[in-house]
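Visitor: whatever this is, show me its structure:
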Amino acid sequence: MLAKAHAHYFGVYSTVDAGHFHGVNTFVFEANGNAEDGHVHTYTGVTSFANGHFHAFSGTTGPAIPVGATSHIHKIKGCVRHTFANDKEGMFGGIVYSNQPKLVHRHCYEGYTGYPLGER
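Guide: Below is the predicted model of the structure:
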């Protein structure tokens, strides 16, 4: 089967920690691959805003999982990397890394991408 360049959408909710959760939504970066070659994609993003902050996340999907005769999906599993708080003065483009104890917590996420998008 011909390997085509494509991306996938991914969207889930994180685990609850410190009394809240975040939406984790992104498009994985484009890669060449098909349902049978075990290719992976990288991804990066920022969670939804909740409880006065948001988090950065990134990673690599699992290998292609065949679905039906010709399509595939990927498993995504990980945990957020950093906590960002409001930067009211705008000095850091609206966000600033925070090591404040009340913001140090961890959310994880897990799910599957949708089908390939934009195959070319």
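Visitor: pLDDT-wise, which helix or strand of the chain ranks last?
Guide: In the chain, no helix or strand scores lower on mean pLDDT, DSSP states H and E than strand 95-97, which sits at a mean of 50.
Visitor: after that strand, heading C-terminal, what element do we hit next?
Guide: strand 108-112 (DSSP states H and E).
Visitor: nearest residue to Tyr115 in space, please, no chain neighbours.
Guide: Nearest-residue entry for Tyr115: Ser71, 5.2 Å, with adjacent residues in sequence omitted and distances by Cβ to Cβ, 6 or more residues apart in numbering. Just so you know, the C-beta spots here come from the backbone N, C-alpha and C atoms, and that holds for glycine as well.
Visitor: give me the distance between the one you found and Ser48.
Guide: In this view, Ser71 and Ser48 are 28 Å apart by Cβ to Cβ, to the nearest Å.
Visitor: one more: Ala5?
Guide: Shown here: Ala5 relative to Ser48, a distance of 29 Å by Cβ to Cβ.
Visitor: and for Gly23?
Guide: Taking Cβ to Cβ, one finds Gly23 at 4 Å from Ser48.
Visitor: so, low pLDDT: which residues of this structure?
Guide: Along the chain, segments meeting pLDDT under 70 span 1-2, 82, 84-104, 120.
Visitor: name the element the residue most central in space within it belongs to?
Guide: Centroid-nearest residue in the chain: Thr26, 5.1 Å away (criterion: Cα atoms, centre = their mean). Using DSSP H and E, Thr26 maps to strand 23-27.
Visitor: restricting to C-alpha, output stretch 20-36 in CSV.
Guide: Extracted as CSV, the C-alpha positions of stretch 20-36 are listed here (Å, rounded to 0.1, in the frame of the first residue of the first chain):
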residue,chain,number,x,y,z
HIS,A,20,-10.0,20.3,37.8
PHE,A,21,-9.3,18.9,34.3
HIS,A,22,-8.3,20.2,30.9
GLY,A,23,-9.2,19.6,27.3
VAL,A,24,-6.3,18.1,25.3
ASN,A,25,-6.9,18.8,21.6
THR,A,26,-4.4,18.9,18.7
PHE,A,27,-3.6,17.8,15.2
VAL,A,28,-0.6,15.5,15.0
PHE,A,29,2.2,16.6,12.7
GLU,A,30,2.1,15.3,9.1
ALA,A,31,3.9,12.0,8.3
ASN,A,32,4.1,9.6,5.4
GLY,A,33,2.5,6.2,6.2
ASN,A,34,-0.2,3.8,5.8
ALA,A,35,-2.3,1.3,7.9
GLU,A,36,0.3,-1.4,7.7
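Visitor: having no further points to raise, I will conclude here.
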